[in-house]
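1. Here is my input; please provide its structure:
(one chain, ligands or ions: 2)
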Amino acid sequence: MPEALQDWVFCREGYKDIRQNSGMIEKILKLKQERNAVILAHNYERPEIQDIADFVGDSLALSIEASLTDADVILFCGVDFMAESAAILSPGKTVLIPDTDAKCPMAAMITGQELIEMKQRHPAAGVVCYVNTSAAVKAESDICCTSANAVEVVESLDCDEIIFVPDKNLARYAARFTEKKIIPWDGYCHTHHQILPYDIMDAKQRHPDAEVLVHPECRPEVIDLADDAYGTEGMVRYVGASHSDEFIIGTESGMLHRLEKEFPSKRFYAVSDYAICPAMKMVTLSEVVRSLENLEYVVAIPGDVQKKAKDALDRMIGVKRRR
Ligand code: 13P
Ligand code: SF4
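-> Ligands and ions are numbered 1, 2, ... in the order given. Modelled structure (predicted):
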């Protein structure tokens with residue numbers, strides 16, 4: 001069994017024991033008050049991390065929450081680009097990431113310089129970057145998007161050609177809904193890209209009554225086999241509105257905890273045992289305690305990059321969520 005999977009099995013099966021460790025949870029609550037901190041967690045985080053967070057959501061909701069909070073400290077349980085987005089949006093606040101190894105591999109697939117060169121090759125194109133990018137890439141973009149608003153963001157630009165970085169799968173998904181020419185970067189998310197049509201067909205055979213929801217970061221041929229594609233918060237809304245009792249979930253496995261908690265009477269099946277993002281499993285309760293105790297690790301963005309990246313994020317927040 002791969003290490004990440006063992007870790008995940010432990011964190012799902014050992015979940016009750018971890019919850020009984022109220023010592024750590026009490027410590028976090030006390031430190032949170034002392035620091036006037038808010039804890040934001042992504043839907044893919046470990047169950048016990050989601051449970052101690054003040055707010056759990058998708059990339060878009062977390063960005064908005066970070067831009068609105070009154071707290072002095074934002075402790076971000078997610079990956080690097082999410083904590084960076086919070087720091088970009090709230091320059092006066094202390095933004096902490098408990099584990100600096102929690103890095104999204106897809107965000108590392110394009111640099112600011114590579115985007116500059118791509119823009120030189122397509123001078124008439126507008127530039128949309130997925131929030132899963134570095135601050136330097138955001139600073140070189142006209143506007144950011146998430147999986148929840150990619151189509152609306154593409155449509156919001158007044159040009160016929162759009163450079164779309166870094167996720168080629170999200171780019172191809174957005175291209176289904178627009179007349180504009182989408183020019184993708186060749187990036188992808190390992191966790192979603194390794195979900196294959198076979199996995200969907202196999203899961204459907206095992207759960208013939210279940211609806212199939214997949215993330216737009218999946219391959220087009222996987223999206224074609226699903227009932228629909230949604231970002232993580234879109235999945236929560238879809239399940240809430242659906243009359244079905246069973247769902248096959250084609251995204252990172254942490255999503256199952258969010259859905260099981262929100263809809264205890266419905267059943268959720270992971271599309272495969274391997275849909276795990278190791279970066280999203282890095283943050284632990286003890287790291288949260290240490291992070292709040294020592295105020296580490298502070299996320300800092302250079303001033304010139306911060307201003308330009310904030311413009312791209314603010315423009316995105318101005319565009320309404322699609323699903
Ligand atoms: P969402 O914005 O749908 O939460 O997705 C973030 C992400 O990293 C997907 O892999
Ligand atoms: Fe990045 Fe994929 Fe992990 Fe999301 S699931 S953080 S896109 S590697």
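2. drop to CA atoms for contacts and neighbour counts, all remaining ones
-> Will do.
3. Find the centremost residue of this protein, please.
-> Ser59 (4.5 Å; C-alpha atoms, centre = their mean).
4. and that residue, what is it in contact with?
-> Ser59 sits next to His42, Met82, Val131, Thr146 when contact means C-alpha atoms under 8 Å, 6 or more residues apart in numbering.
5. Repeat that for Lys181.
-> Asp160, Glu161, Ile162, Ala175.
6. Report the buried members of those.
-> With burial judged by 16 or more other C-alpha atoms under 10 Å, the buried subset of the contacts of Lys181 is Glu161, Ile162, Ala175.
7. The first one and Val95: what is the separation?
-> Shown here: Glu161 relative to Val95, a distance of 35 Å by C-alpha to C-alpha, to the nearest Å.
8. Then the second one?
-> Taken as C-alpha to C-alpha, the spacing of Ile162 relative to Val95 amounts to 32 Å.
9. Show me which of the buried ones among the contacts of Lys181 is closest to ligand 1.
-> Nearest to ligand 1, judged by C-alpha to the nearest ligand atom, of those is Ala175 at 17.5 Å.
10. which residue packs closest to the closest one, ignoring adjacent ones?
-> Of all residues not flanking Ala175 in the chain, Ile182 sits nearest, at 6.2 Å (C-alpha to C-alpha, 6 or more residues apart in numbering).
11. Can you get me a residue count around that neighbour?
-> By the criterion of other C-alpha atoms under 10 Å, Ile182 has 24 neighbours.
12. That one: what secondary structure?
-> strand (DSSP: H, G, I helix; E, B strand; the rest coil).
13. Give me the next element, helix or strand, following the lowest-mean-pLDDT helix or strand in the chain.
-> Here the helix or strand of the chain ranked lowest by mean pLDDT, DSSP states H and E is helix 15-20, holding a mean of 50. Elements were assigned by DSSP states H and E; along the chain past helix 15-20, the next helix or strand is helix 22-35.
14. And that following helix, how far out from the chain middle?
-> 26 Å (C-alpha atoms, centre = their mean, to the nearest Å).
15. Quick one: list the elements packing against the helix or strand that it is followed by.
-> Counting by DSSP H and E, the element after helix 22-35 in chain order, helix or strand, is strand 37-42. The contact analysis (3 or more C-alpha pairs under 8 Å, 6 or more residues apart in numbering; DSSP states H and E) places strand 37-42 against helix 47-52, strand 55-57, helix 59-68, strand 73-77.
16. okay, strand 37-42 in PDB with CA atoms only?
-> The C-alpha atoms that make up strand 37-42 are tabulated as PDB, following Å, rounded to 0.1, in the frame of the first residue of the first chain:
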ATOM      1  CA  ALA A  37      -6.800  33.600  15.000                       C
ATOM      2  CA  VAL A  38      -9.200  32.000  12.500                       C
ATOM      3  CA  ILE A  39      -8.600  28.600  11.100                       C
ATOM      4  CA  LEU A  40      -9.400  28.000   7.500                       C
ATOM      5  CA  ALA A  41      -9.300  24.500   6.000                       C
ATOM      6  CA  HIS A  42      -9.800  23.100   2.500                       C
END
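17. which residues of this structure score low on pLDDT?
-> For the chain, applying pLDDT under 70 flags the ranges 1-21, 321-323.
18. residues from this protein in reach of ligand 1?
-> Residues of the chain found near ligand 1 (C-alpha under 6 Å from any ligand atom) are Asp58, Ser59, Leu60, Thr146, Ser147, Gly231, Thr232.
19. Tell me how many other residues crowd the closest residue to ligand 1 within the stretch 1-150 of the chain.
-> Among all residues of the stretch 1-150 of the chain, Asp58 sits closest to ligand 1, at 3.4 Å; criterion: C-alpha to the nearest ligand atom. By the criterion of other C-alpha under 10 Å, Asp58 has 19 neighbours.
20. Got phi/psi on it?
-> phi -90, psi 180 (degrees, to the nearest 10).
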